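My questions are about this predicted structure, shown below with the sequence.
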Amino acid sequence: MQSPDASKTPSKKYKLLHTTVKLPSHLHIYHLWLYYEPNPEKPLLSLRFAVKDVIDIAGLTTSNGSRCWQDVYLPAEESAPFIEQLTNAGAILVGKLNCTQFCDGQDPFEQVSPFNPRGDGYQSPSSSSSGSAAAAAGYNWLDFTIGTDTGGSIRHPAGVNGTYGIRPTFSSVESKGMAASGFMDTVGVFARSASMLERAQKAITSPSETFAQPQGPEARYKLIYLVRSNKADPNDNPKWFPRPGHPNNRGAQAEQIFESVVSKLENHLSCKRQILNLDELWSSTHPDTMDASLSIATGKIYQTLVYYVTATDVIRPFIAKHKADRDGRTPYLEPIFKTRFEYGASVTQHDFDSAVVHFETFKKWLLDVLFASHTDETVILLYPQSCGNPNYRDESKPPPTVIKPSERFWEGFSSYSISYVFGCPDITVPVGQVPYHSRITEHEEWLPISLSFLSQRGNDRILGSLLKELEDTRVLQPVRTGAKAYRG
């Protein structure tokens, strides 16, 4: 992770301002497109975007969701390289967007959690790229937004806010100018259509890290369809697709839409889905050096790597600078994040090194087993991302100040780990919406549902082109801003 120059301290004139945002008119650009040939060097001409406030913009402070951080570090002297790539392509930066403190997966305390515009307007926007997702879903004057993803910070917010969201191939976007883990963090785009997602992501992705779209009848696909265990509780919030003949009580409406989309995808790709249960596959093929239980084998990889690096490279230097500049005063860390930082600070070098070995071993298994394929065969892996189950932002939770050490992290297997370990592209794709009765409005409202599309490392453009084809043939549709993602 990257930490600012600790020798520099801002003067008091740099404060957070609440201002009206001036927007460049699309009308002028429309006239340019009407009378002049499009410029291939400006593929994003006139498109407006905003970025998560962990990304450096020249002349602006980067808050990382922390007032104390913003108070002791100067505005950035230069913008992150991918910001310049976007503006060089013609896009227009509008501003920055709220996020959770230090990109942690939780409900924020220091900043007001952005309002998810879907449904009754009082659903959780998720985290940590919550502002990026909510803005893409709520503001039609933004064409796309930028977020970051470590363990799901683009993919889950995109799902519950009803937008497209991509975690690209790891290292395909330069990470300079943002708080980044050398193992997992990357930058991605939120958009309301597959075509916009493809255009914006292509502008910031290194061509050397991605492959071209297969042409014509030579393209071959392998479609992996991840299903639940026979032992799964039908009342649980579903993580995978149902096994044939085993519907889920909570996601029945969503699963009907999922089935329709997957069937159309089979026809489009001219291939049939291969049904897999990940736990059973792991149990029968796992490396000898890792536990036969997928949850036990992978459960602590993320927390050990991410919070060790965060504690060592970011938070300890930040605390030291804040104390030096503020007469020994400790900066405020949100309670849940503080317990996680303390865990990271307690991780030994041996524990960290062991987690690295497990990370690399699991990564090799994903390559050799789960994503195994014939030469020139494109693997498409699918699973449900969001099923339209209400999650109200005002639901009471245990006080974070009394959280138990055993409750600091989710220690089971995370579906998000497939892409953050393998480093492959992972796109949240909205596919429909389902009704629910809101306890807020006491009225029927609608929530978006979405699927996750994954493929092998480097297949970002292949995946993006496929989604655009599905949109062009109306298997998928762009979403709207506001309470309902789709008309009707």
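Thanks, I have the structure now. Residues are numbered from 1 along each chain as shown.

which secondary element of this protein has the worst mean pLDDT?
Least confident helix or strand, the chain: helix 26-35 with a mean of 54, by mean pLDDT, DSSP states H and E.

any idea how far D426 lies from S415?
In this view, D426 and S415 are 10 Å apart by CB to CB, to the nearest Å. Using the backbone N, CA and C atoms, a C-beta is placed for each residue, glycine as well.

ignore the last one, K484
If you measure K484 against S415 using CB to CB, the figure is 27 Å.

again, but for R487
Counting by CB to CB - R487 and S415 are separated by 30 Å.

okay, those two: which has more neighbours?
Neighbours were counted for R487 and for S415 using other CB atoms under 10 Å; S415 has more, 19 against 6.

That one is in contact with D279, isn't it?
No: using CB atoms under 8 Å, S415 makes no contact with D279, being 11.7 Å away.

any low-confidence regions in this structure?
1-22, 24-38, 180-181, 212-217, 232-238, 249-250, 399-403, 405-406 (pLDDT under 70).

Which stretches in it count as strands?
Assigned by DSSP state E, the strands in the chain fall at 48-52, 92-97, 144-149, 164-167, 186-191, 220-226, 273-276, 377-386, 426-437, 444-454.

what angle do the second one and strand 186-191 make?
Note on geometry: by axes from the mean of the first three to the mean of the last three CA atoms, to 10 degrees, strand 92-97 and strand 186-191 are set 110 degrees apart in direction.

so what's A58 closest to, chain neighbours aside?
Excluding the flanking residues, the one nearest A58 by CB to CB, 6 or more residues apart in numbering is S79, at 4.6 Å.

quick one: the closest residue to F170 other than its chain neighbours and S172, what's the gap?
Nearest residue to F170 in three dimensions, chain neighbours excluded: G423, at 3.4 Å (CB to CB, 6+ apart). For G423, the distance to S172 equals 9 Å [CB to CB].

Quick one: end-to-end distance for stretch 302-319.
Its start and end residues considered, stretch 302-319 measures 23 Å (CA to CA, to the nearest Å).

Residues in contact with that stretch: which ones?
Here stretch 302-319 makes contact (CB atoms under 8 Å, 6 or more residues apart in numbering) with 1-3, 6, 68-69, 72, 102, 150-151, 179, 181-184, 330-331, 333, 340-341, 343-345, 347, 351-352, 355-356, 359, 408-409, 411, 414, 417, 420.

Report the central residue of the protein.
I154 (1.4 Å; CA atoms, centre = their mean).

Hmm, that residue is touching F190, no?
Yes: counting by CB under 8 Å, I154 sits close enough to F190 to count as a contact (7.0 Å).

Between these two, which contacts overlap?
S129, S132, A133, G147, G165.

Give me the buried subset of the residues you listed.
S129, S132, A133, G147, G165 (16 or more other CB atoms under 10 Å).

Next one: the nearest residue to the second one once chain neighbours are set aside from L366, what distance?
In this case it means S132. Leaving out its chain neighbours, the residue that sits closest to S132 by CB to CB, 6+ apart is G147, at 3.7 Å. The gap separating G147 from L366 is 24 Å, by CB to CB.

Check C271 too.
21 Å.

out of the two, which sits in the more crowded spot?
Each of C271 and L366 has its neighbours counted (other CB under 10 Å); L366 has more, 21 against 16.

returning to that earlier point: pretty sure the residue nearest to A58 sits against E174.
No: using CB under 8 Å, S79 is not in contact with E174, being 11.7 Å away.

who's more crowded, those two?
Per other CB under 10 Å, whichever of S79 and E174 has more neighbours is S79, with 20 against 17.

Sounds good, over and out.
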